[in-house]
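A.B. asks: A structural model of the following input is requested.
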Amino acid sequence: MNQLVPKNILAARARLGEGPVWDARTQRLFWVDIYNFRLHQFDPRTGQDHYFEVGEVISALALTDAEQLLLALRDRLVLFDPATEKMEPLCQFAFSHPDTRLNDGKCDAQGRFWIGSISAAAGQAALYRYDPDGSLQVMETGLTISNGLGWSPDGSTFYLTDSAVHKIYAYNFEAATGTIRDRRVLIDLSQEAVEPDGLAIDREGNLWSALWNGWGIVCFSPSGQELFRVPLPVQRPTSVTFGGSDLTDLYITSASVGLSQTEIQQGFMAGDLFHCSTPLPGLPTHQFLTRSG
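C.D. replies: As a prediction, the model looks like this:
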């Protein structure tokens, strides 16, 4: 599998491409450009990319059981209707630090939305769970850059990345109650000048993580052993997701934000969207259950 060859499929030149989500209903890929305030919808069949101007920071999204999308903005969650571009407020966050905002998020198999925050102050970020009944729970504290998250194929293990400390944690996950416990360090990249970012899980339970400042992505076994890396022509890959009719298409977002002009010239595809085919399929995308769902 270390012979995977990523291809540039969209010259997006995003500032901070993130949050790719595959929509099996339309066979299209949603993703966001956080600092250009855009929600993108990419059609792999035509190569066409359409975007919505959201007007503020947008860090993550989730499909729902309705026509709407759940969007994570700077400090709130909304339902967004792509047909009308109208937003319906869901939940407001009260952050104690002014530089804190929402970051990566994903739905579990029970239709709950998990979303982390990012803070300029060490240890001031957290992980939250937003339930279909409208309640919001704090699930973890003491984080700095809550990032890539996901679940093992059997749903018994929850994974969470804190990019600031270069670690991916594993927790025991109780599906019925949506609780996590017994945190342990599964992957530690603190000896490298890279940060694990967004992640996805394949059918065998392997973790695929984008390496911010690492010029590639990395695949780990469920036990945390590094299996292989896939080089990319960009310094800052940001996230990955599986898509396609059989979930063997791996989509990779990237960023240009914070790079010098020299660095951008070296990685001139920074901010673009990439794709490679994988021999193992990923896990399907879960939807948020709306209150009417």
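
A.B. asks: contacts, neighbours, all on C-alpha from now
C.D. replies: OK.

A.B. asks: T100: neighbour count?
C.D. replies: Neighbour count for T100, taken as other Cα atoms under 10 Å: 21.

A.B. asks: Over to stretch 190-206 now: how far is its first residue from its last?
C.D. replies: By Cα to Cα, to the nearest Å, the extent of stretch 190-206 from end to end equals 20 Å.

A.B. asks: Over to stretch 245-265?
C.D. replies: Start-to-end, stretch 245-265 (Cα to Cα) is 35 Å.

A.B. asks: How about stretch 270-284?
C.D. replies: End residues of stretch 270-284 are separated by 28 Å (Cα to Cα).

A.B. asks: How about stretch 275-282?
C.D. replies: End-to-end distance (Cα to Cα), stretch 275-282: 14 Å.

A.B. asks: With stretch 219-236 instead?
C.D. replies: Terminal-residue distance, stretch 219-236 (Cα to Cα): 16 Å.

A.B. asks: buried sites along that stretch?
C.D. replies: The neighbour-count check on stretch 219-236 (16 or more other Cα atoms under 10 Å) flags 219-222, 224, 229-236 as buried.

A.B. asks: now, which of those residues lie within helices?
C.D. replies: Using DSSP state H, no member of the buried residues of stretch 219-236 falls in helices.

A.B. asks: got JSON lines for those, with pLDDT too?
C.D. replies: As requested, the buried residues of stretch 219-236 are arranged in JSON lines below (pLDDT from 0 to 100):
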{"residue": "C219", "pLDDT": "98"}
{"residue": "F220", "pLDDT": "99"}
{"residue": "S221", "pLDDT": "99"}
{"residue": "P222", "pLDDT": "99"}
{"residue": "G224", "pLDDT": "98"}
{"residue": "R229", "pLDDT": "97"}
{"residue": "V230", "pLDDT": "98"}
{"residue": "P231", "pLDDT": "97"}
{"residue": "L232", "pLDDT": "98"}
{"residue": "P233", "pLDDT": "96"}
{"residue": "V234", "pLDDT": "96"}
{"residue": "Q235", "pLDDT": "96"}
{"residue": "R236", "pLDDT": "97"}
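
A.B. asks: now the residues you listed as JSON lines including distance to I168?
C.D. replies: What follows is the buried residues of stretch 219-236, written out as JSON lines (distance: Cα to Cα, whole Å):
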{"residue": "C219", "distance to I168": "12"}
{"residue": "F220", "distance to I168": "11"}
{"residue": "S221", "distance to I168": "12"}
{"residue": "P222", "distance to I168": "12"}
{"residue": "G224", "distance to I168": "9"}
{"residue": "R229", "distance to I168": "16"}
{"residue": "V230", "distance to I168": "19"}
{"residue": "P231", "distance to I168": "20"}
{"residue": "L232", "distance to I168": "21"}
{"residue": "P233", "distance to I168": "24"}
{"residue": "V234", "distance to I168": "22"}
{"residue": "Q235", "distance to I168": "20"}
{"residue": "R236", "distance to I168": "18"}
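
A.B. asks: okay, now the residue lying closest to C276 once chain neighbours are set aside: neighbour count?
C.D. replies: Spatially, and ignoring its direct neighbours in sequence, C276 is nearest to P6 (4.5 Å; Cα to Cα, 6 or more residues apart in numbering). Residues near P6, counting by other Cα under 10 Å, number 19.

A.B. asks: if I pick the closest residue to R38 other than its chain neighbours, what's in contact with it?
C.D. replies: Leaving aside its chain neighbours, R38 sits nearest to E53 (4.9 Å; criterion: Cα to Cα, 6+ apart). Residues near E53 by Cα atoms under 8 Å, 6 or more residues apart in numbering: F37, R38, L39.

A.B. asks: out of these, which is most surrounded?
C.D. replies: L39 (25 neighbours).

A.B. asks: Does the residue at the greatest distance from the centre of the chain belong to a helix, a strand or coil?
C.D. replies: The C-alpha centroid of the chain is most remote from T262, which lies 27.7 Å away (Cα atoms, centre = their mean). Recorded secondary structure, T262: helix (DSSP: H, G, I helix; E, B strand; the rest coil).

A.B. asks: so what's it scoring on pLDDT?
C.D. replies: Looking at T262, its pLDDT is 86.

A.B. asks: In this structure, where's the longest strand?
C.D. replies: In the chain, taking DSSP state E as the definition, the longest strand is strand 179-188.

A.B. asks: No further queries at this time; thank you.
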